[in-house]
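Trainee: Give the three-dimensional model of this entry:
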Amino acid sequence: MQIKAITVSELYERFSKGEDLTSLGEIVIEGWVRTNRDSGSIGFIALNDGSCFKNIQVVYNDKLPTHDEVAHLITGAAILVKGPIVLTPEMKQPFEIHASEVEVLGQVDPDYPLQKKRHSFEYLREIAYLRPRTNTFAALYRVRSVLALGIHEFFQNKGFVYVHTPEITANDAEGAGQVFTIMTPDEKGKLSETDFFGKKASLTVSGQLHVEAFALAFRDVYTFGPTFRAEKSNTPRHASEFWMIEPEIAFADLEDDMDLMEETIKFCIRYVLDKCPDEMAFFNQMIAPGLFDKLNHVLETPFTRMDYTKGIELLQEAVKKGHKFEYSDIEWGMDLQSEHERYLTEEVVKGPMFLINYPKEIKAFYMRENDDGKTVAACDCLVPGEGEIIGGSQREERYDILKAKMDKIGNTAGLEWYLNLRKYGGCIHSGFGIGFDRLLMYLTGVTNIRDTEPYPRTSSQLKY
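Mentor: I've put the predicted structure just below:
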């Protein structure tokens with residue numbers, strides 16, 4: 001029977017606990033060649049087995065039975081290595097494996113697209129099925145996996161109930177109408193929008209409306225899953241399919257909502273720094289120098305809260321003083337651009353902040369109208385280096401006011417159940433949404449959403 005392979009992550013874990021790895025005798029490791037240097041009498045392979053970000057160095061010599069084959073292995077080959085662990089305290093790596101046997105499990109054709117050099121992100125997007133084998137994407141997708149678990153840990157430990165909201169829906173939560181409509185063949189084979197469900201259906205843009213119903217039963221709930229937007233926005237921040245984290249809390253106003261947002265963001269930062277130290281160090285060194293300083297600043301700084309109206313005044317003052325914005329026509333009622341958000345958080349507040357009480361005309365119908373009749377109890381969470389990373393609001397709990405707003409925009413039909421929540425034991429409640437892929441961009445310093453998603457879906461692009 002073949003000896004069971006040990007993982008590189010297990011070796012590093014045992015080493016960190018002070019275990020003498022040489023006492024393991026001959027071990028077996030399976031993985032993929034990252035680099036291979038052979039000088040004739042001795043060779044060195046950097047082997048990665050996918051269990052952690054670190055490689056293990058494999059040392060082989062010309063006495064190896066398969067030396068000639070091993071010496072010509074190229075990047076990407078899958079191999080099995082057998083041999084003892086040798087400690088190397090004087091070297092960069094604390095230990096290595098001296099090969100007594102190397103078995104080639106999977107050769108690599110000479111046209112293998114990944115070579116021993118840095119490839120551009122644009123090039124790697126064309127071979128998305130191979131990019132997890134590179135350092136950057138191995139780190140990125142491990143952080144993505146770890147952060148997803150962290151999101152669940154955070155809310156579960158606070159007593160939140162996880163709700164699976166539907167991906168197929170008959171309503172557009174945002175009221176924007178930019179949805180992917182579902183069409184199926186009718187009896188004659190003609191594509192129809194109404195044949196299957198009996199009404200027009202689409203892929204969801206948000207789980208919020210559905211999860212609100214659960215908040216009015218369980219108090220604190222969240223949904224975390226894929227959402228879809230049919231926006232032809234060819235920018236580094238937009239995708240057609242992305243994941244959203246959407247908590248909803250009952251008996252909570254906008255202040256409670258912002259408290260939870262701040263706690264959530266700070267937890268996520270601490271979690272990835274703690275759980276993915278090697279990957280995050282790589283991002284700080286190779287992808288976004290200064291990343292640690294940026295994240296630690298957010299951790300250590302209370303989030304400022306500023307009224308939208310005050311923000312507009314400060315931006316107008318900046319223009320008068322000669323600050324150059326690409327969008328310089330700043331007036332009350334406009335939807336701020338990223339450059340405006342960054343100016344407020346980086347130049348004015350010099351730290352993370354909430355911009356609150358937005359004009360009701362530029363926000364969604366479900367947001368609670370303030371007493372001034374002009375604004376709603378909404379907020380955007382802005383952070384240095386990025387701008388907005390979270391949007392949230394107190395929901396309109398007053399039946400008559402919500403119905404009047406919905407009647408005005410014409411989306412009452414089909415959402416009667418949503419209105420009924422206000423009649424049947426409704427209460428004040430609030431919530432927010434975090435784009436998971438954008439959050440990952442912020443935490444890693446990666447600047448394009450097409451890279452934080454394993455298989456990105458954007459307009460005019462559908463590969464894999």
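
Trainee: For the nearest residue to Asp307 once chain neighbours are set aside, which residues are in contact?
Mentor: Nearest-residue entry for Asp307: Asn357, 5.2 Å, with adjacent residues in sequence omitted and distances by C-beta to C-beta, 6 or more residues apart in numbering. All C-beta spots, glycine's among them, are computed from the backbone N, C-alpha and C. Taking C-beta atoms under 8 Å, 6 or more residues apart in numbering, we find Asn357 in contact with Asp307, Tyr308, Thr309, Asn370, Thr375, Val376, Ala377, Ala378.

Trainee: What ranges does the stretch 201-350 of the chain have for its strands?
Mentor: 202-203, 220-228, 241-250, 304-307 (DSSP state E, counting those that start in this stretch).

Trainee: Could you save the ones you listed as CSV and add columns showing distance to Gly426 and mean pLDDT?
Mentor: CSV is the format used below for these (distance: least, C-beta to C-beta, whole Å; pLDDT from 0 to 100):
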stretch, distance to Gly426, mean pLDDT
strand 202-203, 27, 94
strand 220-228, 15, 97
strand 241-250, 9, 97
strand 304-307, 26, 98
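
Trainee: Between those, which one is closest to Ile56.
Mentor: Using C-beta to C-beta as the measure, strand 241-250 is the one of those that comes nearest Ile56, at 32.8 Å.

Trainee: which strands and helices sit next to the closest one?
Mentor: Under the contact definition 3 or more C-beta pairs under 8 Å, 6 or more residues apart in numbering; DSSP states H and E, strand 241-250 sits against helix 208-218, strand 220-228, helix 254-275, strand 429-435, helix 436-444.

Trainee: and the gap between the residue nearest to Asp307 and Gly373?
Mentor: Noted for Asn357: a distance of 12 Å to Gly373, by C-beta to C-beta, to the nearest Å.

Trainee: just Cys52 next, same as before
Mentor: 57 Å.

Trainee: who's more crowded, those two?
Mentor: Higher neighbour count among Cys52 and Gly373: Cys52, with 20 against 7, using other C-beta atoms under 10 Å.

Trainee: Do I have it right that that one meets Ser9?
Mentor: Yes: between Cys52 and Ser9 there is a contact under C-beta atoms under 8 Å: 3.8 Å.

Trainee: Put together JSON lines for the strands of the stretch 201-350 of the chain, with distance to Thr452 and mean neighbour count on each row.
Mentor: Listed next are the strands of the stretch 201-350 of the chain as JSON lines, based on distance: least, C-beta to C-beta, whole Å; neighbours: other C-beta atoms under 10 Å:
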{"stretch": "strand 202-203", "distance to Thr452": "20", "mean neighbour count": "20"}
{"stretch": "strand 220-228", "distance to Thr452": "14", "mean neighbour count": "21"}
{"stretch": "strand 241-250", "distance to Thr452": "9", "mean neighbour count": "22"}
{"stretch": "strand 304-307", "distance to Thr452": "27", "mean neighbour count": "16"}
